[in-house]
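S.K.: A structural model of the following input is requested.
(chains A, B, C and D)
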2 protein chains.
Amino acid sequence: MKLKEFAKQLGLSPTTVSRALSGYPEVSEITRARVAEEAVRLGYRPNVNAVRLKTGRVGAIGVVMGRAGEFHFAEFMAGMAEQLVGEDTDILVIPLADANYEEEMQLYRRLVESRRVDAIIMHSPRPNDERIALLHKLGMPFLVHGRSDIDVPHAWLDIDNEGAVRRATSHLMDLGHTRIAMINGRPGATYALHRDNGYRNALQVRGIEFDPELVASGNFTDELGFRFARSFLEQPNPPTAIVAGSMMTALGVYRAARSLGLQVGRDVSVIAHDDVFPYLSADNMAPSLSATRSSMRAAGTRCADLVLQLLAGRSASEIHELWPVELILRESTGPMR
Amino acid sequence: MKLKEFAKQLGLSPTTVSRALSGYPEVSEITRARVAEEAVRLGYRPNVNAVRLKTGRVGAIGVVMGRAGEFHFAEFMAGMAEQLVGEDTDILVIPLADANYEEEMQLYRRLVESRRVDAIIMHSPRPNDERIALLHKLGMPFLVHGRSDIDVPHAWLDIDNEGAVRRATSHLMDLGHTRIAMINGRPGATYALHRDNGYRNALQVRGIEFDPELVASGNFTDELGFRFARSFLEQPNPPTAIVAGSMMTALGVYRAARSLGLQVGRDVSVIAHDDVFPYLSADNMAPSLSATRSSMRAAGTRCADLVLQLLAGRSASEIHELWPVELILRESTGPMR
DNA sequence: TTTCGAAACCAAATCGTTTTCAAATTGGAA
DNA sequence: TTCCAATTTGAAAACGATTTGGTTTCGAAA
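M.R.: Modelled structure (predicted):
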């Protein structure tokens, strides 16, 4: 059913029908009601592609997804979906073809030129991320989930990674630990840098010297958690506490401790960062896991909301949200013995 | 840069340019090359929305995502992305607003009417799933990931859940186990039914009576894995083996066993279904986990491919793929003691 | 030289909306 | 009754591509 046909059935012009459905004021309430009602009855819906061509609006937010298929991703999107449902805005997943830097810039360029999305959400930016400069230059509305210190105005939402790790590390020192290891995410991203800062900062305040033997970084996998933790704990002068980057990492760390006959929370303390997954909770681990916590799903919801605001005209340079991170103490942390 | 403008710069008509870029034969190779080259140089790209309006093709595949935000989802999509990259086809995530049945049918109806996607991929269908009948009736190309026995032609790809669980259960019986528990997914979906069939079937062949006290079902979470396993193992006549529905469930089962002082692989055998996640591998668990294995990511890739074939005109009724599931034996299974 | 067919190109219609600008209707005041 | 402003409605021009149905060009055959 097309607009023209539908309008004829109603004995109205396409103009009026279009206006009635789009909520313009210059149409009487009585006609509007009739149009709305008949639209449902006769099953008329505007052709999205025609609307998009005419208005220039696409009705979709692009989310760039790395090849890795991180487990965070589904949660973030589920959060976005929560906000976007009923908003007539879709989520378009943009697969990142390649790690190749030049290709990646091309991807963004093409994405903008092809006008398939109204806005973009970008994850895990680098400190000086040229993608941000590019999107800004191209005039595409975008929001960064994470942070960058590049000197270009941009909207962002980030959690306080530095503070989170600083507090976690400090707490471990409060418990008497002085040799504390940290497993970070892949180097390059700002969040990894922030976590590193938080860690070093906490040590420095207490006058504990930084030991490069006690830090490692890589993807957030169970396997790397295990391997790094093993290598830490087998050192001649092993750490008595470990700060882990993610829940998956923590699983590996627990396993490493057990494999060496060490009891988590007694022989070795562990704190991890928890994005709050419905299928794997820190509270349920054994022993229950002390964690710095911030809901990925909530971040997704808020990011979607902020993007909508951006599209509604709010200035990108006034959208900056830094979310505090909770530190939840459970059984995996205990006093140094 | 618009087509008209671009064509003028080249001294050609829009017609010829359009044809040159779309690979039509009635344009000389020499002009085609020139057009292609200049398009890159001058940065001309057809406006997607105009193309879509004119051709009726949207260039997007819709994937319906449940509210739960399952961890499988990211893997499946990463797989799809692998196939779709460079295909000029996007992935559109369709959030499922509500569990309400009527609403869900409405969602599909609106989705079709709004013409935002060329095809739909649906997950976890029910045995008699009216959504399938609806999509068929509405003439929307779609592919079902999973199976339904509804009497309507439809394309599907599924893994052999029944066979997988049957083999897993049989293997446990080969090892001498006779009391075998199973943790299934949420009842309703066909895959849960198939797994149940596989389980009962295996028991029946050996003449072991089905005990309702030994089965449970629910979301695939660590927590439920733990709770169900605990309740099984604390029964007066506890099972000596457990078949678990997912990796997360298995984590809970391991935890439950440990919490009762039981050693997995010796005191209690465990087999789980593994969708192959890059961040959590059965091989790395301690003890390593015996599993029925099938890659979710590969399924995503293949599903995307099949949808493209569907859109290219291949008949839905000839697209049926049943993937075998590997049974990988590791340390978590051992002879009955 | 003329004729013909294939090869290469083009003008204009079309896809289904939104929106500008103009016309018609209405209702109250004069 | 007449007039005017405010309220409703419409006709037609976009939006930017694809595609139908020609027209031109060119070389070879007649």
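S.K.: the worst-scoring helix or strand of chain A on mean pLDDT close to DNA strand D?
M.R.: Ranked by mean pLDDT, DSSP states H and E, the weakest helix or strand in chain A is helix A:101-114, scoring a mean of 83. No - on the criterion C-beta under 7 Å from any atom of the strand, helix A:101-114 is out of touch with DNA strand D, staying 9.8 Å away. (Glycine included, C-beta is placed from N, CA and C.)
S.K.: how close does residue A:295 sit to DNA strand C?
M.R.: For residue A:295, the distance to DNA strand C equals 36 Å [C-beta to the nearest atom of the strand, to the nearest Å].
S.K.: setting the sequence-adjacent residues aside, check what's closest to that residue.
M.R.: If the residues on either side of it in the chain are set aside, residue A:295 comes closest to residue A:276, at 4.3 Å by C-beta to C-beta, 6 or more residues apart in numbering or on different chains.
S.K.: how is chain A carved up into domains?
M.R.: The record's domain parsing of chain A by automatic domain parsing lists A:3-46, A:60-159+A:297-323, A:161-294.
S.K.: now do the residue located most distally from the centre of chain A against DNA strand D, distance only.
M.R.: Ranked by distance from the centre of chain A (C-alpha atoms, centre = their mean), the top residue is residue A:11, with 49.9 Å. Applying C-beta to the nearest atom of the strand, the value for residue A:11 to DNA strand D is 6 Å.
S.K.: contact partners for that residue?
M.R.: By C-beta atoms under 8 Å, 6 or more residues apart in numbering or on different chains, no residues touch residue A:11.
S.K.: ranking the domains of chain A by burial, who's on top?
M.R.: Neighbour counts (mean count of other C-beta atoms under 10 Å in any protein chain shown) averaged over each of the domains of chain A peak at domain A:161-294, with a mean of 21.
S.K.: give the rounded mean pLDDT of that domain.
M.R.: In this model, domain A:161-294 has a mean pLDDT of 97.
S.K.: can you measure across that domain, start residue to end residue?
M.R.: Start-to-end span of domain A:161-294 (C-alpha to C-alpha, to the nearest Å) is 10 Å.
S.K.: quick one: low-confidence ranges for the stretch 1-150 of chain A?
M.R.: A:67-69, A:97-99 (pLDDT under 70).
S.K.: tell me which parts of it are close to DNA strand D?
M.R.: Contact residues, the stretch 1-150 of chain A versus DNA strand D (C-beta under 7 Å from any atom of the strand): A:11-16, A:19, A:26-29, A:31, A:50, A:53-54.
S.K.: list just the nearest of the residues you listed to chain B.
M.R.: residue A:53 (4.2 Å; C-beta to the nearest C-beta).
S.K.: contacts only, for the closest residue to residue A:329 other than its chain neighbours.
M.R.: Computed as C-beta to C-beta, 6+ apart, the closest residue to residue A:329 that is not its neighbour in sequence is residue A:290, at 4.9 Å. Each residue near residue A:290 by C-beta under 8 Å, 6+ apart is listed here: A:168, A:269-272, A:282, A:327-333.
S.K.: identify the farthest-apart pair in the residues you listed.
M.R.: A:168 and A:331 (15.3 Å; C-beta to C-beta).
S.K.: what segments of the stretch 151-300 of chain A are helices?
M.R.: A:161-174, A:190-205, A:222-233, A:247-259, A:296-311 (DSSP state H, counting those that start in this stretch).
S.K.: for the ones you listed, which one sits closest to residue B:153?
M.R.: Checked against C-beta to C-beta, the stretch from the helices of the stretch 151-300 of chain A lying closest is helix A:296-311, at 37.0 Å.
S.K.: I'd say residue A:134 and residue A:109 touch.
M.R.: Yes - at 6.8 Å, residue A:134 counts as touching residue A:109 under the criterion of C-beta atoms under 8 Å.
S.K.: redo the helices of the stretch 151-300 of chain A as TSV? Include distance to residue B:93.
M.R.: TSV is the format used below for these (distance: least, C-beta to C-beta, whole Å):
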stretch	distance to residue B:93
helix A:161-174	27
helix A:190-205	24
helix A:222-233	27
helix A:247-259	23
helix A:296-311	11
